[in-house]
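Enquirer: everything below, folded, please.
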Amino acid sequence: MSRFTHFLRDADDHLFAYPKVFLGLILAITIFFAMQIPGVRMYSDFADLLPQEHPYIQLHNSIRDTFGGANVVIVSVEVDEGDIFNNDTLATIHRLTQKVDNLPGINHNLVTSLTHRTTRKVWLSEMGAIVSEPYYDPSKKAVLDPEELVAMRNDVRANPRVYGLQVSPDMKAAVIKGTLNEGELDYEETFRQIQQFRAEEAREGTRIYVTGQPMLVGWIYTYKEQVFQIFAFTLLVMLGLLVVYFRRLYGVVIPLTGIAISSIWGIGILGLLGYNLDPLTMVIPFLIAARAMSHGIQLVERYYSELEVVKDSKKAARQTFDSLFRPGSLGVVSDAIGLLLISLGSVPINTKLSYYASLWAICVIVNVLIMVPMLLTVLPRQISVQTKLVSAMSTCRTGNWIIPRSVVKSKVSIKALGFLLTT
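Expert: Okay, the predicted model is just below:
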């Protein structure tokens, strides 16, 4: 016998000699990880989507505060008839510009629009001085004369920094651009405010479009509740399958206990590392939890198979552990290594995902492969299926002599339903 095999055999002996001690230790660790969960925040960091070691991204990081970054909101205002140079459309563009400038996390110096204070016409005075003023200033004059509107149109057409960039060549559309400060942005609130002022300013004859990274992430956030609903529905389906397949209480409760403890450990690890839970990667933790549940199902199924042979719950749990711990651990380790290999990429979101997901996966060895046999060792043995069936049939036969057949049928039906849910 090799040293490693001898070590595993000694470890098995200690585990099954003091199962309650090890279960208490697992419970204490679970409580510790549960205390870390309130510190986990769910948000998407734009910087995590960019390969930070690439020279282009490093250049981008050095100039983004001055020239703007990639986290941009672009609002387009388009009219169906005529052009934008009328008082109603200019007022709409101005209101939208102010609302973009009031978005959370916006860089006020990097907001551009035809009606913004930074968009100005420049000319030389008779004395040779450089003079500038905004194209549109409602604080001085909110309603422009037709001659002033024509003059504004001509001034815009003569300015190459505005014509074709902020105003379309056909004069039927204008864009409002705002850059958000990168970091921990509240994409959900930003998206909500954009959708709100877009609905407020919508009217017949004018179309408003919005695009940009905050809108993309915002749409993802809008489906967050649907994702949770899908996860909840999937758990219900799993629960139903467990009830139908095992028809025993332990076969349903123990795999669900394993997935619950595994999830607590995984999210607690996320909090310990100081990482955020990105909505873009939510499917990976769910898959890890599903894998933990599959290992729990295999252990419980093997336990019942061994129990039919040895007729002793402790021996059945020990033989289940001896037969499935090594192959199960090999599968868990291979899963963890596969997740860790994701870190070879240079995108931070993948690096963070690989670190906490691999640790989450490797913990399945403790909170499922070891914990489930320990639970089966200390829990009382369930009454066999055959015994319960005989009890139900005896109730039916006895009842026929004492009470009416209809009452017996209803009681037996209730007992049969309870049998399916608890066995």
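
Enquirer: pull up the distance across stretch 197-211, start to finish.
Expert: End-to-end distance of stretch 197-211: 14 Å, with C-alpha to C-alpha, to the nearest Å as the criterion.

Enquirer: list the contacts of that stretch.
Expert: 73-81, 89, 92, 95-96, 99, 194 (C-beta atoms under 8 Å, 6 or more residues apart in numbering). Bear in mind the C-beta positions are built from the backbone N, C-alpha and C, glycine included.

Enquirer: same question for stretch 348-360.
Expert: Stretch 348-360 has contacts (C-beta under 8 Å, 6+ apart) with 45, 47-50, 52, 262, 265-266, 269-270, 273, 275, 278, 280-281, 284-285, 288, 336-337, 339-343, 345.

Enquirer: so what's Leu8 scoring on pLDDT?
Expert: You'll see Leu8 listed with a pLDDT of 63.

Enquirer: number the chain from 58, please
Expert: With the count now opening at 58, the last piece we talked about shows up as Leu65.

Enquirer: what about the strands in the stretch 58-207 of the chain?
Expert: In the stretch 58-207 of the chain, the strands defined using DSSP state E, counting those that start in this stretch lie at 129-136, 177-181, 187-191.

Enquirer: kindly calculate the angle that the second one makes with strand 187-191.
Expert: Going by axes from the mean of the first three to the mean of the last three C-alpha atoms, to 10 degrees, strand 177-181 is angled at 160 degrees with respect to strand 187-191.

Enquirer: so where's this protein uncertain?
Expert: Scanning the chain for pLDDT under 70 picks out 58-65, 240-241, 439-480.

Enquirer: coming back round to it: from the contacts of stretch 254-268, which two are the most distant?
Expert: Farthest pair in the contacts of stretch 254-268 (C-beta to C-beta) is Val130 and Glu138. Separation: 26.9 Å.

Enquirer: one step back: nearest to Met228, out of the strands of the stretch 58-207 of the chain?
Expert: Met228 lies closest to strand 129-136 among the strands of the stretch 58-207 of the chain, at 9.2 Å (C-beta to C-beta).

Enquirer: give the buried residues for that closest one.
Expert: Using 16 or more other C-beta atoms under 10 Å as the test for burial, strand 129-136 gives 130, 132-136.

Enquirer: mind putting the strands of the stretch 58-207 of the chain in a markdown table, distance to Gly81 included?
Expert: A markdown table is the format used below for the strands of the stretch 58-207 of the chain (distance: least, C-beta to C-beta, whole Å):
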| stretch | distance to Gly81 |
| --- | --- |
| strand 129-136 | 53 |
| strand 177-181 | 72 |
| strand 187-191 | 71 |
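
Enquirer: from start to finish, how long is stretch 182-192 in a straight line?
Expert: 17 Å.

Enquirer: next: stretch 178-185.
Expert: Using C-alpha to C-alpha, the end-to-end distance of stretch 178-185 comes out at 16 Å.

Enquirer: which outside residues touch it?
Expert: Residues contacting stretch 178-185 (C-beta under 8 Å, 6+ apart): 187-192, 212, 216.

Enquirer: I'd like these as JSON lines, with neighbour count appended.
Expert: Below are the contacts of stretch 178-185 laid out as JSON lines (neighbours: other C-beta atoms under 10 Å):
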{"residue": "Ile187", "neighbour count": "8"}
{"residue": "Val188", "neighbour count": "11"}
{"residue": "Ser189", "neighbour count": "8"}
{"residue": "Glu190", "neighbour count": "12"}
{"residue": "Pro191", "neighbour count": "16"}
{"residue": "Tyr192", "neighbour count": "20"}
{"residue": "Asp212", "neighbour count": "14"}
{"residue": "Asn216", "neighbour count": "18"}
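
Enquirer: next step: the contacts of stretch 405-417 restricted to strands.
Expert: Judged by DSSP state E, the subset of those located in strands is empty.

Enquirer: filter these to the buried ones?
Expert: Using 16+ other C-beta under 10 Å, the buried members of the contacts of stretch 405-417 are 102, 105-107, 319, 322-323, 326-327, 332, 335, 338, 341-342, 345, 393, 396-397, 399-400.

Enquirer: show me what Tyr220 is bridged to.
Expert: Tyr220 forms beta bridges with Val224, as assigned by DSSP bridges.
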